[in-house]
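Novice: Quick check, what structure comes out for this input:
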Amino acid sequence: MKKLLGLGTAVALVLGAGVAGAKPLNWSGTLSNFIGDLPTLSATGGGVATLNGGGNIPAHLDSLKLAASRGHVTGTDTNIVTDPETVGNGIAAVIIQFQPGTGTLAPVSGAAGSQSNLTQNVMPIGGVAKICLLSTVCNDFLPLLLTQPTTNGARYQVNTATTNQLTPNQLQGKKLGIPGTGIKGLGVGGLITVGGFSAIRISVEAAPWTVKTATAIDQTNDNTGSAAFHAVTRMGFAHGPASGTTSTAQPSGVLQIVTPSQIRTNLSLGSSKKLGSITTLIVHFVPEPGMLLLLGSGVVGLALLGRNRMRK
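Specialist: Below you'll find the predicted structure:
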């Protein structure tokens, strides 16, 4: 019995050390983009998050900083367009390469139920959306940078026959104009556009992140030209292992933030004249690998101890 109590105490101490320490928490996450009724585009990843300014981590999550240098959600996903009218207008597929940047979000826990909401809420979602023209092979496409520098009189100087060989950063380097004071686009807010290589022009009006409910509008027109509007919503949240906001900053705590965008184009995307788009990021805090190893050893020890007692 003493051995059992001693081993249980050791496991509890390991767990307590992992929770109460001042080290930033590891996290895993999923970044998803919902465009109209197209299948979801997503990427997964993870890294190390700085919570509450890097001090001792209490149960309550006040601020969260995700830095690209410490790991992030990156990846590429593809939507093959099947709507006949959209394909007839020259769009065969949409490919998104996600490259999130560094950002701080605060205040977090409880924001969904308060009047104030993420007064610090800028975390850019970089990368590029390739609007593939005519073929799903995507040799020719419109490169829509998900975040762009604020510029004056900016224009692109890109050959669509070679842009598929360029990284998002190289595409960004092809942007000409007078540098502004910041950036605009997904996860930041502002209007980004692409067009000029053909008759197609697409603009995206983005908004910053929120922990509350994000709403975008789909507009569809019937055969008579009458418009119908449909609200597209996604909800943010913050909760801990016990589903309370007072324990979000602990292993197994989860945060979901959302950002809405409105897509407009000079051509018809099926029956849609205006598309709602919402991007979500789910952050799940996980124990450090060393802590998991120690906990696993403790569980194995308890099992072996129980087995030996049964033999006796």
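Novice: what about residue 118, is that helix, strand or coil?
Specialist: At residue 118, secondary structure determined by DSSP: H, G, I helix; E, B strand; the rest coil is coil.
Novice: Give me the pLDDT for it.
Specialist: You'll see residue 118 listed with a pLDDT of 82.
Novice: That one: neighbour count?
Specialist: As a burial measure, residue 118 scores 21 neighbours (other Cβ atoms under 10 Å). In short, each C-beta sits where N, CA and C put it, glycine included.
Novice: Please apply the same query to residue 37.
Specialist: Neighbour count of residue 37, defined by other Cβ under 10 Å: 12.
Novice: Show me where the protein has its helices.
Specialist: Under the criterion DSSP state H, helices of the chain are mapped to 2-20, 84-88, 168-173, 289-311.
Novice: Touching, residue 91 and residue 133? I think so.
Specialist: Yes. Using Cβ atoms under 8 Å, residue 91 makes contact with residue 133 at a distance of 6.8 Å.
Novice: And those two? Which one has more around it.
Specialist: Each of residue 91 and residue 133 has its neighbours counted (other Cβ under 10 Å); residue 91 has more, 22 against 19.
Novice: Can you check the pLDDT for the closest residue to residue 71 other than its chain neighbours?
Specialist: Ranked by Cβ to Cβ, 6 or more residues apart in numbering and with sequence neighbours excluded, the top spatial neighbour of residue 71 is residue 47, at 2.2 Å. Predicted confidence (pLDDT) for residue 47: 95.
Novice: residues in contact with residue 47?
Specialist: 26-27, 66-67, 70-72 (Cβ atoms under 8 Å, 6 or more residues apart in numbering).
Novice: What of residue 123?
Specialist: 66, 100-105, 187-188, 209.
Novice: where along the stretch 151-300 of the chain do the strands fall?
Specialist: Using DSSP state E, counting those that start in this stretch, the strands of the stretch 151-300 of the chain run over 175-185, 190-195, 201-206, 213-221, 227-235, 237-239, 254-269, 272-286.
Novice: Tell me how far residue 120 lies from residue 195.
Specialist: 33 Å (Cβ to Cβ, to the nearest Å).
Novice: same check, this time on residue 123
Specialist: Distance from residue 123 to residue 195, counting by Cβ to Cβ: 27 Å.
Novice: pull the CA atoms of stretch 44-60 into PDB?
Specialist: Extracted as PDB, the C-alpha positions of stretch 44-60 are listed here (Å, rounded to 0.1, in the frame of the first residue of the first chain):
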ATOM      1  CA  THR A  44      -2.700  21.300 -39.400                       C
ATOM      2  CA  GLY A  45       0.400  22.000 -37.300                       C
ATOM      3  CA  GLY A  46       1.500  23.200 -34.000                       C
ATOM      4  CA  GLY A  47       4.300  24.900 -32.000                       C
ATOM      5  CA  VAL A  48       5.000  26.700 -28.700                       C
ATOM      6  CA  ALA A  49       2.600  29.400 -27.400                       C
ATOM      7  CA  THR A  50       3.500  32.200 -25.000                       C
ATOM      8  CA  LEU A  51       0.600  32.700 -22.500                       C
ATOM      9  CA  ASN A  52       0.000  35.700 -20.400                       C
ATOM     10  CA  GLY A  53       3.200  37.400 -21.400                       C
ATOM     11  CA  GLY A  54       5.400  34.500 -20.500                       C
ATOM     12  CA  GLY A  55       5.000  34.700 -16.700                       C
ATOM     13  CA  ASN A  56       3.700  32.000 -14.400                       C
ATOM     14  CA  ILE A  57       0.900  30.300 -16.100                       C
ATOM     15  CA  PRO A  58      -2.300  30.400 -14.100                       C
ATOM     16  CA  ALA A  59      -5.500  28.600 -15.000                       C
ATOM     17  CA  HIS A  60      -7.000  31.700 -16.600                       C
END
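Novice: Now render the contacts of residue 123 as TSV, adding distance to residue 231.
Specialist: Below are these laid out as TSV (distance: Cβ to Cβ, whole Å):
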residue	distance to residue 231
66	29
100	26
101	29
102	32
103	27
104	30
105	25
187	21
188	23
209	19
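Novice: so which pair among these is furthest apart in space?
Specialist: 66 and 188 (14.2 Å; Cβ to Cβ).
Novice: And those two? Which one has more around it.
Specialist: The neighbour comparison of residue 66 against residue 188 (other Cβ under 10 Å) goes to residue 188, with 26 against 23.
Novice: Correct me if wrong: that one contacts residue 208.
Specialist: Yes. Using Cβ under 8 Å, residue 188 makes contact with residue 208 at a distance of 6.3 Å.
Novice: Thanks again, I'm all set now.
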